[in-house]
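A.B. asks: Fold the stuff below for me.
(2 chains)
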Number of protein chains: 2
Amino acid sequence: MHEQLFDPAAILPGWARKFAEEKKGAVFNGDERMKLAIDLSRMNIRQGGGPFGAAVFQSESGKLVSIGVNLVVQSNCSHAHAEMVAIAIAQHALSTYTLYREAETGYELATSCEPCAMCFGAIIWSGVKKVVCGATTSDAVKAGFDEGPKPVLWARELEQRGIAVETGLMRDEAQIVLEEYTRQGGFVYNAR
Amino acid sequence: MHEQLFDPAAILPGWARKFAEEKKGAVFNGDERMKLAIDLSRMNIRQGGGPFGAAVFQSESGKLVSIGVNLVVQSNCSHAHAEMVAIAIAQHALSTYTLYREAETGYELATSCEPCAMCFGAIIWSGVKKVVCGATTSDAVKAGFDEGPKPVLWARELEQRGIAVETGLMRDEAQIVLEEYTRQGGFVYNAR
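C.D. replies: Numbers count the residues shown, from 1 in each chain, chains lettered A, B, ... in the order given. Below is the predicted model:
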């Protein structure tokens, strides 16, 4: 372990750091987990961010471990998708490079939208045992976002690696944020 | 732009920060770019890191923009692959979320080994116009690493998106580092 200058939570803007501090240790069950991810996506667009939110929970207890929002444009970092941010902060908080726990239900990622090609790979390396998604890839594409060349059967790929996938949870609510973003003329960044 | 607490270079251990400082503005041409990526992979294993190195260059001038090494275990971050680190530092240094430049040859990523599934997606979002790779996916697998479910024709996917790919450059030298890592009993982390 080298000197710990690295703190992935430093990427969060002030409002999100404050929010994370307030919700520290709070318990979220059932749809509350997805609701939090969608709430984060909504808060983020109102603060000038991209329309995506995510959070990591301890699966069994429902305890919130970390939050993430899309910060690509503001942080000058194309990696800074909501899922990536939430995973990095969770691993740092738990002092581990993998959230995988052999004998436990472990950790779960809730994301307001199905993952892109990068996040799909990152989810595999993260060690989470479950991913729940709100809006679908087609919803993201409809809003102008490119999800990249992920496998058509991406959910099956994750499941084959022991990661449970549920998608379309509270899809209407998640879509409303994507639509609000489009309606307000939100900047749809892409690499080119 | 929120308060810039976020500095991706903070993930680099002291030796790598020192190295980056010393090489700042240096010019690398032809095979020197791949040689640097491989040198970084070798330095990293001797400092207790994973056997992967990468660097971003301004394609035309050959000017070094950033370096990256695999820091997954030391930094408690499963995203911290060499390519991810190099891309994030380059974007931060250039104050942009995309390295794409319309009318120029732009930027190039040299990596000591072909990208995994996550880095494959991240390369697309990064805006680089070219990727050069040393060791191949099969070399990484032989050393015990899982490259994940990336498309079989991953290089073609990148090329279809305007990203040139060259692979197998100085492959023997890159493989020697993977083998040295295996021989020294290097820890092959995986999510589980």
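
A.B. asks: give me the element residue A:85 is part of.
C.D. replies: Using DSSP states H and E, the element containing residue A:85 is helix A:82-93.

A.B. asks: now do residue A:104
C.D. replies: Using DSSP H and E, residue A:104 is not contained in any helix or strand.

A.B. asks: repeat for the one 4 residues further on
C.D. replies: Taking DSSP H and E as the criterion, the element that holds residue A:108 is strand A:107-113.

A.B. asks: Show me what that strand is packed against.
C.D. replies: The contact analysis (3 or more CB pairs under 8 Å, 6 or more residues apart in numbering or on different chains; DSSP states H and E) places strand A:107-113 against helix A:31-46, strand A:53-58, helix A:82-93, helix A:117-126, strand A:130-135, helix A:137-142, helix A:171-183. Bear in mind the C-beta positions are built from the backbone N, C-alpha and C, glycine included.

A.B. asks: And the longest one, what's buried?
C.D. replies: This points to helix A:31-46. For helix A:31-46, the buried set under the neighbour-count rule, 16 or more other CB atoms under 10 Å in any protein chain shown, comprises A:33-45.

A.B. asks: Convert the C-alpha atoms of that helix to PDB, please.
C.D. replies: C-alpha atoms of helix A:31-46 as PDB (Å, rounded to 0.1, in the frame of the first residue of the first chain):
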ATOM      1  CA  ASP A  31     -37.100  -0.500  -4.600                       C
ATOM      2  CA  GLU A  32     -35.600   2.100  -2.300                       C
ATOM      3  CA  ARG A  33     -32.200   1.100  -3.700                       C
ATOM      4  CA  MET A  34     -33.300   1.800  -7.300                       C
ATOM      5  CA  LYS A  35     -35.100   4.900  -6.100                       C
ATOM      6  CA  LEU A  36     -31.900   6.300  -4.700                       C
ATOM      7  CA  ALA A  37     -30.000   5.700  -7.900                       C
ATOM      8  CA  ILE A  38     -32.700   7.500  -9.900                       C
ATOM      9  CA  ASP A  39     -32.900  10.300  -7.300                       C
ATOM     10  CA  LEU A  40     -29.100  10.700  -7.800                       C
ATOM     11  CA  SER A  41     -29.500  10.900 -11.500                       C
ATOM     12  CA  ARG A  42     -32.200  13.600 -11.100                       C
ATOM     13  CA  MET A  43     -30.200  15.600  -8.600                       C
ATOM     14  CA  ASN A  44     -27.200  15.400 -10.900                       C
ATOM     15  CA  ILE A  45     -28.800  16.900 -14.000                       C
ATOM     16  CA  ARG A  46     -30.200  19.700 -11.800                       C
END
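
A.B. asks: now what about it, what contacts it?
C.D. replies: A:15-16, A:19, A:23, A:28, A:50-55, A:57, A:62, A:64, A:67-70, A:82, A:108, A:110-113, A:132, A:134, A:169-170, A:173-174, A:177, A:180-181, A:184, A:186 (CB atoms under 8 Å, 6 or more residues apart in numbering or on different chains).

A.B. asks: Using a markdown table, lay out the buried residues of helix A:31-46 together with pLDDT.
C.D. replies: A markdown table is the format used below for the buried residues of helix A:31-46 (pLDDT from 0 to 100):
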| residue | pLDDT |
| --- | --- |
| A:33 | 98 |
| A:34 | 98 |
| A:35 | 98 |
| A:36 | 98 |
| A:37 | 98 |
| A:38 | 98 |
| A:39 | 98 |
| A:40 | 98 |
| A:41 | 98 |
| A:42 | 98 |
| A:43 | 98 |
| A:44 | 97 |
| A:45 | 96 |
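
A.B. asks: and of the residues you listed, the nearest to residue B:145?
C.D. replies: residue A:37 (31.0 Å; CB to CB).

A.B. asks: Residue A:84 touches residue B:79, doesn't it?
C.D. replies: Yes: using CB atoms under 8 Å, residue A:84 is in contact with residue B:79, at 6.0 Å.

A.B. asks: Mutual contacts of these two, please.
C.D. replies: Joint contacts of residue A:84 and residue B:79 (CB under 8 Å, 6+ apart) are residue A:122.

A.B. asks: Mind checking which of those two has more residues around it?
C.D. replies: Neighbours were counted for residue A:84 and for residue B:79 using other CB atoms under 10 Å in any protein chain shown; residue A:84 has more, 32 against 28.

A.B. asks: The more buried one: what's it in contact with?
C.D. replies: Applying CB under 8 Å, 6+ apart to residue A:84 gives the contacts A:68, A:118, A:119, A:122, B:79.

A.B. asks: Greatest separation within those: which pair is it?
C.D. replies: For the contacts of residue A:84, the maximum inter-member distance is 13.5 Å, found between A:68 and A:118 (CB to CB).

A.B. asks: higher neighbour count, those two?
C.D. replies: Neighbours per residue, other CB under 10 Å: of residue A:68 and residue A:118, the larger number sits with residue A:68, 32 against 28.

A.B. asks: contacting residues for the residue lying closest to residue A:78 once chain neighbours are set aside?
C.D. replies: Distance criterion CB to CB, 6 or more residues apart in numbering or on different chains; nearest residue to residue A:78, sequence neighbours excluded, is residue B:125 at 4.1 Å. With contact set as CB under 8 Å, 6+ apart, residue B:125 has these partners: A:72, A:78, A:79, A:116, A:118, A:148, A:191, B:98.

A.B. asks: Show the pLDDT at residue B:125.
C.D. replies: pLDDT recorded at residue B:125 is 97.

A.B. asks: ditto for residue A:68
C.D. replies: In this model, residue A:68 is scored at 98, pLDDT.
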